[in-house]
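> sequence isn't available, so here's the structure alone:
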């Protein structure tokens, strides 16, 4: 207990100067809502082409109008001449908000004890005050999947918008039960198991998964008939997969495991999303034939096998897309979700193309999550998640000028910026007596 109290006190003291720097003229800078008219920009709608000299009207958290002849009484006019407007980017796999300092266990909350915990909700563990959230927003990322990890069924992932005081305010309308598909591959270079032991462990894990899904099926059938069932939260959550209330997001990476996962879900009448899919390029045609959407990444990663080309991870998303798979991208990060634009840029440069790469961080994940009518493009009626930049945000020299999330104009400040400004002009300076 003393160690915990000391750690918490140290963490609290470290926050004090940041809280002080967050004030300007005695007031906190906060997101603010209102009626905004973004004028004279090049608008990349993603789904409706590119509009030159266009404007976007935002009101009540929604995009009200997009076009070249837009005006509105009482709106705050923001001149965007010479700038570009894109939808806010979506990172489809992170632990953002679920961990703060990786080396301090008290701030890490994305893994529960136990092998089967599908009922554990990642959303409830999200910290809206995480310092990594404003760091992420200034790069143009407005929405992310917060996902659990560890175990066969580690919990339920949730889509969140990066603004709000509570997890419920941040919730963006999508959840999925996460599963780590039993792997026939080694867990890393330090895995000393024999081939026979690996096969045995894989077969046991797959047997456990089959038994759990069978129990979930029975649970769903009984509950749908009005039967009184004992409290069994793990199976009750898996039953939501059987009823299609929630999709199953399956983490699977090795080519042989992907093939096994395709066979495993073939006879199940459930909604399925594959995530990870590091070796998807090896079996891209099979994934496309199965009609399973894919969340892949990180793109800026090493090859999974030493014999692979250096650019295996870079080209994976492009090869999947060319095979006909609907692809979304993820960073699989906590602190560096801000690098999503550059993961997408690598995918674009290594075969995916810029247009498809933009879809992979906007409309594709929105459609995969069943939110294509709300997110992922700049269209009237959709949620006002968008960014204004000096040029394409995939370019490292591009500067994000404005960010809007749920119609809130977001202050472009974070811990990194405040520390940079503090030490750029030190007062008193080092030469002061």
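In hand now; what should we look at? Values in this document were obtained by computation on a predicted structure and should not be read as measured data.
> show me where the stretch 151-300 of the chain has helices.
Using DSSP state H, counting those that start in this stretch, the helices of the stretch 151-300 of the chain run over residues 167-170, 195-224, 233-242, 255-266, 284-290.
> out of those, deepest packed?
Burial of the helices of the stretch 151-300 of the chain is given as mean neighbour count (mean count of other C-beta atoms under 10 Å); helix 233-242 ranks first at a mean of 21. The way it works is simple: take the backbone N, C-alpha and C, and place the C-beta from them, glycine included.
> any residues touching it, and which ones?
Applying C-beta atoms under 8 Å, 6 or more residues apart in numbering, the external contacts of helix 233-242 come out as 116-119, 153, 156, 177, 212-213, 215-217, 219-220, 223, 229, 246-248, 270-271.
> what do you get if the cut-off is 6 Å, keeping everything else the same?
116, 118, 119, 177, 215, 216, 217, 219, 220, 246, 248, 270 (C-beta atoms under 6 Å, 6 or more residues apart in numbering).
> look up how far residue 419 lies from the fifth one.
Spelled out, that is residue 215. 51 Å (C-beta to C-beta, to the nearest Å).
> quick one on the thing from earlier: ok, which of the helices of the stretch 151-300 of the chain comes nearest residue 413?
Closest approach to residue 413 among those is made by helix 167-170 (18.8 Å; C-beta to C-beta).
> for residue 316, which of the helices of the stretch 151-300 of the chain is the nearest?
Smallest distance to residue 316 across the helices of the stretch 151-300 of the chain (C-beta to C-beta): 8.8 Å, for helix 284-290.
> so residue 63 is in which element?
strand 62-67 (DSSP states H and E).
> give me the residue ranges of the stretch 201-350 of the chain where confidence is low.
Residue ranges of the stretch 201-350 of the chain with pLDDT under 70: none are present.
> ok, 90 please
Applying pLDDT under 90 to the stretch 201-350 of the chain flags residues 201-205, 225-230, 267, 335.
> surely residue 420 is within a strand?
No. In this structure, residue 420 is helix, not part of a strand, as judged by DSSP: H, G, I helix; E, B strand; the rest coil.
> report pLDDT for it.
Note for residue 420: predicted pLDDT of 87.
> for it, list the residues it contacts.
Contacts of residue 420 (C-beta under 6 Å, 6+ apart): none.
> now do it against residue 135, distance only.
From residue 420 to residue 135 the distance is 12 Å (C-beta to C-beta).
> how close does the closest residue to residue 281 other than its chain neighbours sit to residue 34?
Using C-beta to C-beta, 6 or more residues apart in numbering and skipping residues adjacent in sequence, the residue nearest residue 281 is residue 319, 4.1 Å away. According to C-beta to C-beta, residue 319 and residue 34 sit 44 Å apart.
> higher neighbour count, those two?
residue 319 (19 against 13; other C-beta atoms under 10 Å).
> make sure the more buried one is actually in contact with residue 283.
No. Contact criterion C-beta atoms under 6 Å: residue 319 and residue 283 do not qualify, at 10.4 Å.
> for residue 352, which of the helices of the stretch 151-300 of the chain is the nearest?
helix 284-290 (12.5 Å).
> list of residues touching that closest one?
So helix 284-290 is contacted by 262, 319, 320, 323, 324, 325 (C-beta under 6 Å, 6+ apart).
> just the strands in the stretch 51-200 of the chain please.
62-67, 76-79, 84-87, 89-94, 141-146, 155-161, 171-180 (DSSP state E, counting those that start in this stretch).
> make JSON lines out of these and add distance to residue 346 and mean neighbour count.
Output for the strands of the stretch 51-200 of the chain, formatted as JSON lines (distance: least, C-beta to C-beta, whole Å; neighbours: other C-beta atoms under 10 Å):
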{"stretch": "strand 62-67", "distance to residue 346": "29", "mean neighbour count": "18"}
{"stretch": "strand 76-79", "distance to residue 346": "31", "mean neighbour count": "14"}
{"stretch": "strand 84-87", "distance to residue 346": "18", "mean neighbour count": "25"}
{"stretch": "strand 89-94", "distance to residue 346": "14", "mean neighbour count": "29"}
{"stretch": "strand 141-146", "distance to residue 346": "16", "mean neighbour count": "29"}
{"stretch": "strand 155-161", "distance to residue 346": "24", "mean neighbour count": "25"}
{"stretch": "strand 171-180", "distance to residue 346": "25", "mean neighbour count": "22"}
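> show me where the stretch 301-433 of the chain has its strands.
Going by DSSP E, counting those that start in this stretch, the stretch 301-433 of the chain shows strands at 327-329, 386-389, 400-405, 408-409.
> quick one: closest of these to residue 348.
Across the strands of the stretch 301-433 of the chain, closest to residue 348 is strand 327-329 (C-beta to C-beta), at 10.3 Å.
> which helices and strands sit right next to the closest one?
Under the contact definition 3 or more C-beta pairs under 6 Å, 6 or more residues apart in numbering; DSSP states H and E, strand 327-329 sits against helix 312-322, helix 354-360, helix 363-368.
> so in terms of bridging, what pairs with the spatially closest residue to residue 32 that is not a sequence neighbour?
Spatial nearest neighbour of residue 32, chain neighbours left out: residue 409 (5.5 Å); criterion: C-beta to C-beta, 6+ apart. On the basis of DSSP bridges, residue 409 is bridged to residue 32, residue 404.
> for residue 327, same thing?
Beta-bridge partners, per DSSP bridges, of residue 327: residue 294.
> number of nearby residues for it?
Count around residue 327 with other C-beta under 10 Å applied: 32.
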